[in-house]
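[1] just need the structure, nothing else, for what follows:
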Amino acid sequence: MDAHPDNSAVALRPAYLFLVLVIGLHFTVGSLVQLANPAFGINFGEFFFFAGLTWIFTRAQNFRPVEFLALRLPPGRTMFAALGAAIAGFFFAGGVNAINRWLVGPELAKRYDVTGLFEVRSPLEGALLVLGVAVMAPIGEELVFRGYLQRVLGARYGTWTAVVVTSVLFAAIHLNPASVLALFALGVVFALLRVWSGSIWPAILAHAVQNGTSSAMVLSGLAEDSPDELPIGQALILLAVTTPILWLALQHLRRMPAVSEADAAEPHDPEADHRFRPGRVKGLALGLTAAAALSLVALFLVDGEAALARLQRAASGGLPETPDVETQPLPEEPLRDAG
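    Numbering: from 1, shown residues only. As a prediction, the model looks like this:
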């Protein structure tokens, strides 16, 4: 689909205020939870702040989330084409990230290298970390950026301006100057997958391939062999080779069947307006709040001593400033301070 429904009700919905709320909660409450337990914290933030708030905002404004957030699944051959674009995008982003790291210099690149986060204490913690990075982060972030924001900003500014704006915002919220170019490039790729398929599932798939492959390389000890570790000359060659391959893969996907978005702005309740009304989601909000509280209780019952020790070290300055660990390493995110 090359256009979003041009509906004034959609164009007037809050976009930047919504993002400020999501990111504000993520960098306050979410950061504390991630300091206590990084693997748990990534899943916590992505589920409750990114996915949960997106769903609440959509329903509170009387939109149907599945249609409004482009959650209909496209045909299998469209998803298969998206997989090809995702694989090409991984190597393309690796070349961009290697150039980005060369531009900022080794000192800054090292400061934002968060591969140490993958030094897990147990297989269970490792599995939880990979779940957060490779599954929950792609779902949560794509719901925010290619689901809600691209829908609203597409109706407000037009499709292509929305692609650029959401990609800039996606790169900016990761707070990682050593990966900002790769993050922007990947944001554009994810946005094009969303626009041309009519669904966010191809973008989620590509995001998961990016994060999952990066995580697998770190956990298997292959981080130094990743594309973003290439010397500048080899990175330029990789970029020259992968750019046309990625573009051809995206054009192939564009020719695949797309999901219709004709009813994306249809109201959940035809008799009601689209103003934000908290009463519409009171039960949902209370349920998510209770679930978040219970999950924190469970965390401290299972890992309370270690979690408190990490928080105390952070409070006393015993931990270095934590960069956004959903950015990098290799080459997009994987964790957000854990996008």
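[2] and Asn100, what element?
    Asn100 is located in helix 76-104, with elements delineated by DSSP states H and E.
[3] should've said Ala70
    Take DSSP H and E as the rule and Ala70 turns out to sit in neither a helix nor a strand.
[4] can you tell me how far it sits from Leu286?
    27 Å (Cβ to Cβ, to the nearest Å). C-beta: built from backbone N, CA, C; applies to glycine.
[5] and those two? Which one has more around it.
    Counted by other Cβ atoms under 10 Å, Ala70 and Leu286 do not tie: Ala70 has more neighbours, with 29 against 10.
[6] quick check: that one touching Ser260?
    No: in this structure Ala70 lies outside contact range of Ser260 using Cβ atoms under 8 Å: 10.6 Å.
[7] list residues touching both of these two?
    Taking Cβ atoms under 8 Å, 6 or more residues apart in numbering as the contact rule, the neighbours common to Ala70 and Ser260 are Gly198.
[8] helices along the stretch 151-300 of the chain, start to end?
    With DSSP state H, counting those that start in this stretch applied, the stretch 151-300 of the chain shows helices at 159-172, 180-197, 201-219, 232-254, 282-315, listed in chain order.
[9] could you dump those helices into JSON lines with mean pLDDT added?
    Listed next are the helices of the stretch 151-300 of the chain as JSON lines, based on pLDDT from 0 to 100:
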{"stretch": "helix 159-172", "mean pLDDT": "97"}
{"stretch": "helix 180-197", "mean pLDDT": "97"}
{"stretch": "helix 201-219", "mean pLDDT": "91"}
{"stretch": "helix 232-254", "mean pLDDT": "96"}
{"stretch": "helix 282-315", "mean pLDDT": "92"}
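[10] out of those, deepest packed?
    Among these, ranked by average contacts under mean count of other Cβ atoms under 10 Å, first place goes to helix 180-197 (a mean of 26).
[11] and that helix with helix 201-219, angle?
    Using axes from the mean of the first three to the mean of the last three Cα atoms, to 10 degrees, the interaxial angle of helix 180-197 with respect to helix 201-219 works out to 150 degrees.
[12] how far does helix 180-197 sit from its chain's centre?
    Centroid displacement of helix 180-197 relative to its chain, using Cα atoms, centre = their mean, to the nearest Å, is 11 Å.
[13] can I get the CA coordinates of it in CSV?
    Listed in CSV are the C-alpha atoms of helix 180-197, where the atom choice follows Å, rounded to 0.1, in the frame of the first residue of the first chain:
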residue,chain,number,x,y,z
VAL,A,180,22.7,6.5,14.7
LEU,A,181,23.2,6.2,10.9
ALA,A,182,22.5,2.4,10.9
LEU,A,183,19.4,3.0,13.1
PHE,A,184,18.1,5.6,10.7
ALA,A,185,18.7,3.4,7.7
LEU,A,186,17.0,0.4,9.4
GLY,A,187,14.1,2.7,10.3
VAL,A,188,13.6,3.5,6.7
VAL,A,189,13.8,-0.2,5.7
PHE,A,190,11.2,-1.1,8.3
ALA,A,191,9.0,1.8,7.3
LEU,A,192,9.1,0.8,3.6
LEU,A,193,8.2,-2.8,4.5
ARG,A,194,5.3,-1.4,6.5
VAL,A,195,4.1,0.9,3.7
TRP,A,196,4.4,-1.6,0.8
SER,A,197,2.9,-4.6,2.6
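[14] what comes up buried for the helix holding Asn100?
    The neighbour-count criterion (16 or more other Cβ atoms under 10 Å) identifies 78-79, 81-102, 104 as the buried residues of helix 76-104.
[15] on that earlier part again, now distance to Ser122 too, for the helices of the stretch 151-300 of the chain, in JSON lines please.
    JSON lines is the format used below for those (distance: least, Cβ to Cβ, whole Å):
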{"stretch": "helix 159-172", "distance to Ser122": "32"}
{"stretch": "helix 180-197", "distance to Ser122": "30"}
{"stretch": "helix 201-219", "distance to Ser122": "13"}
{"stretch": "helix 232-254", "distance to Ser122": "36"}
{"stretch": "helix 282-315", "distance to Ser122": "10"}
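[16] out of these, nearest to Leu21?
    Distances from Leu21 to each of the helices of the stretch 151-300 of the chain were compared using Cβ to Cβ; the minimum, 12.7 Å, belongs to helix 282-315.
[17] next SSE downstream of the helix holding Asn100?
    helix 106-111.
[18] the helix or strand just after that following helix - what's its average pLDDT?
    Towards the C-terminus, the helix or strand next in line after helix 106-111, according to DSSP H and E, is helix 123-131. For helix 123-131, the mean per-residue pLDDT is 86.
[19] what's next to stretch 60-77, contact-wise?
    Contacts with stretch 60-77, where a contact means Cβ under 8 Å, 6+ apart, come from 13, 54-55, 58-59, 79, 143, 146-148, 151, 194, 197-202, 256-259, 261, 263-269, 272-278, 280-281.
[20] output it as CSV, nothing but the C-alphas.
    What follows is stretch 60-77, C-alpha atoms only, in CSV (Å, rounded to 0.1, in the frame of the first residue of the first chain):
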residue,chain,number,x,y,z
ALA,A,60,-8.8,5.2,24.2
GLN,A,61,-9.3,7.1,20.9
ASN,A,62,-12.0,4.7,19.6
PHE,A,63,-9.9,3.0,17.0
ARG,A,64,-9.8,-0.7,16.4
PRO,A,65,-6.2,-1.7,17.2
VAL,A,66,-5.8,-4.6,14.7
GLU,A,67,-6.8,-2.3,11.7
PHE,A,68,-5.3,1.0,13.0
LEU,A,69,-1.9,-0.5,13.9
ALA,A,70,-1.8,-2.6,10.7
LEU,A,71,-1.7,-5.9,12.5
ARG,A,72,-3.4,-8.0,9.8
LEU,A,73,-1.0,-10.7,8.6
PRO,A,74,-0.1,-10.4,4.9
PRO,A,75,0.1,-13.5,2.6
GLY,A,76,2.9,-16.0,3.2
ARG,A,77,4.8,-15.0,0.0
